[in-house]
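Asker: Task: produce atomic coordinates for the following.
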Amino acid sequence: MFITFEGIEGCGKTTQIKRLADRLEGYGLPLVATLEPGGTDIGRRIRRILLDAKSKDLTPLTELILYIADRTQHVEEVIKPALEAGKWVLCDRFFDATMAYQGSARGQDEALIRFLNEMATQGLVPDLTFLLDCPVEVGLQRARKRDSQGTQKGQDRFEREAVAFHLKVRDAYLALAETHSKRFAVIDASVDRDVMEKAILDRLKPHMEE
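Answerer: Numbers count the residues shown, from 1 in each chain. Predicted coordinates for the structure are as follows:
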């Protein structure tokens, strides 16, 4: 089972993935929890470039290619082997993020992105994608609070984007969820963490019973 989590900055993906991983491990399910960018050693180096506030001169095309490079390594080194071993994979962002951020928000050619994603993923598509959706102002407030308290100061290039950028990302995600409604589950991310966790577990229950 390949499950991805998507959403704007500060929507709570990292927290909910950790909670779900703990729950599934408690049921004895073998799993791998990973993320993009940065799910491999090479990816972590790419991640530092992509998220570093000092990378302000990164062009949109360079940004896109770096994300695709990270994903190519990630699929080959982590995701594919885990799925082939019969493990569940929980991934914080995958190819939908590239369509939302680099496509809709950055204005890169969507046909090119789909082509590059197809190559990077080797045709791999998530079984289920949770879109944790909340208003932009809520997500950014959480993200900026997290960054000010965290240990990775300076890794906030996206949080520094204008509100209009984040509005485009959110709209793109909601459009993707509507287009791929069989794969997406939209979760209200403005609610309490426990309520969010229950909604995710309720949606997963049929798969867990299998």
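
Asker: quick one: low-confidence parts of this structure?
Answerer: 147-155, 210 (pLDDT under 70).

Asker: Find the centremost residue of it, please.
Answerer: Per Cα atoms, centre = their mean, the C-alpha nearest to the average position across the chain is that of R93, at 1.6 Å.

Asker: Quick check: closest non-adjacent residue to that residue.
Answerer: E36 (4.5 Å; Cβ to Cβ, 6 or more residues apart in numbering). Backbone N, C-alpha and C define where each C-beta goes, glycine included.

Asker: With V136 as the reference, measure out to E161.
Answerer: As judged by Cβ to Cβ, to the nearest Å, E161 and V136 stand 11 Å apart.

Asker: Settle it for me: which of the two has more neighbours?
Answerer: A count of neighbours by other Cβ atoms under 10 Å puts V136 above the other of E161 and V136, at 20 against 17.

Asker: pretty sure the more buried one contacts D171?
Answerer: No: shown here, V136 and D171 do not form a contact pair, counting by Cβ atoms under 8 Å, at 9.8 Å.

Asker: got any residues that touch both of these two?
Answerer: Jointly contacting V136 and D171 under the rule Cβ atoms under 8 Å, 6 or more residues apart in numbering is no residue at all.

Asker: which residues in the chain form strands?
Answerer: 2-6, 31-35, 88-92, 128-133, 184-188 (DSSP state E).

Asker: So which residues lie in contact with the second one, not counting its own?
Answerer: Residues from elsewhere that reach strand 31-35, judged by Cβ under 8 Å, 6+ apart: 14, 17-18, 21, 24-25, 74, 78-79, 82, 87-93.

Asker: That strand pairs with which strands, parallel or anti?
Answerer: strand 88-92 (parallel) (DSSP bridges).

Asker: Alpha carbons of the partner strand, in CSV - could you do that?
Answerer: The C-alpha trace of strand 88-92 is given here as CSV (Å, rounded to 0.1, in the frame of the first residue of the first chain):
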residue,chain,number,x,y,z
TRP,A,88,3.3,0.0,3.4
VAL,A,89,4.9,3.2,2.3
LEU,A,90,3.9,6.6,3.8
CYS,A,91,5.3,9.5,1.9
ASP,A,92,5.3,13.2,2.8
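
Asker: For that strand, what is the distance to the chain centroid?
Answerer: Centre-to-centre, strand 88-92 and its host chain are 10 Å apart (Cα atoms, centre = their mean, to the nearest Å).
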